[in-house]
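> mind looking at a prediction? Sequence and model below.
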Amino acid sequence: MKFKSVYSFLILFLFFSACEVKWDMEITFNDDLSGSYNIAVLIDQEAQLYATDTGQSSIGGLDAILANLPEGFGSSIYQEGDFLGILIRNNFKDVNELESQFALLESEENSALLLLPIEDIDFQIDERHLTVSGKFAEIFVTDDENLEGFKRIFDGQLSIKVPGEILEPQLNEIVNNTIIFENDGLSVKTFELVTRTKPLISQQNLIIILFLAFSVVYFFVRQKNKKK
């Protein structure tokens, strides 16, 4: 994701401190680790006005993403409050297909913007766990003097909903089995989610253990009664 024209879209807003770009990505895994995801890229009213004043549509350079989106992806113009932009969505049958779709987005200069805030993302599966880990990119490089101004430019979050018992991160309260990772684009930040997709003891093994325990108790009770 090192395309100059991709970066230029966001750098444009550096000249307008009141402008803001929002990036939201939501991934939902089903019990069998199939699932769906959507990615929204939105600009605020100030940026919309600038786009129309310069002869573009109200969503500015985001039109280029829709025009060059790989086959198989759904898309629509999307509004959230005063923010306007695009929403991209797709389904996947397994983690391998999800990774292939992300690679496809990254391979095209304009659609790569959809994954620009993510420098790396990795999915690992073993017999009982799903691990999602990676890091957010440092989109903007600035000094302490201009830090507050840059904080208003970009607002991003990655939301992941998983099945099973979430082991990492360890939070006091988890709503709808979903973890949200925040990203401001100002530094490299790592993220990790680990969920136990299958219990330590399967239902079949639990039944066997209970049966054996009952048999042991029954044996000792019977022996005790015989001694009487």
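Perfect, thanks for sending it.
> please report the distance of F102 from I166.
As judged by CB to CB, to the nearest Å, F102 and I166 stand 22 Å apart. No exception for glycine: its C-beta is placed from N, CA and C like everyone else's.
> swap in V175?
11 Å.
> these two: who's more crowded?
The neighbour count for V175 versus I166, taken as other CB atoms under 10 Å, is higher for I166 (18 against 9).
> so that one: helix, strand or coil?
Here I166 is strand, with the state taken from DSSP: H, G, I helix; E, B strand; the rest coil.
> check contacts around it.
174, 177, 179, 193-195 (CB atoms under 8 Å, 6 or more residues apart in numbering).
> state the helix or strand in which the residue nearest the centre of the chain lies.
In the chain, the residue lying closest to the centroid (CA atoms, centre = their mean) is L158, at 3.8 Å. Element membership of L158, judged by DSSP states H and E, is strand 154-161.
> for D31, grab the count of nearby residues.
If we define neighbours as other CB under 10 Å, then D31 has 11 of them.
> rewinding a little: quick one: strands adjacent to the strand holding L158?
When pairing is defined by DSSP bridges, strand 154-161 lines up against strand 21-29 (parallel), strand 178-183 (antiparallel).
> quick check: mean pLDDT of the last one?
This points to strand 178-183. Average pLDDT, strand 178-183: 95.
> list the contacts of it.
Counting by CB under 8 Å, 6+ apart, residues outside strand 178-183 touching it are 23, 117, 136, 154, 156-162, 166, 169, 171, 189, 191, 193.
> residues of it that come out buried?
For strand 178-183, burial by neighbour count (16 or more other CB atoms under 10 Å) applies to 179, 181, 183.
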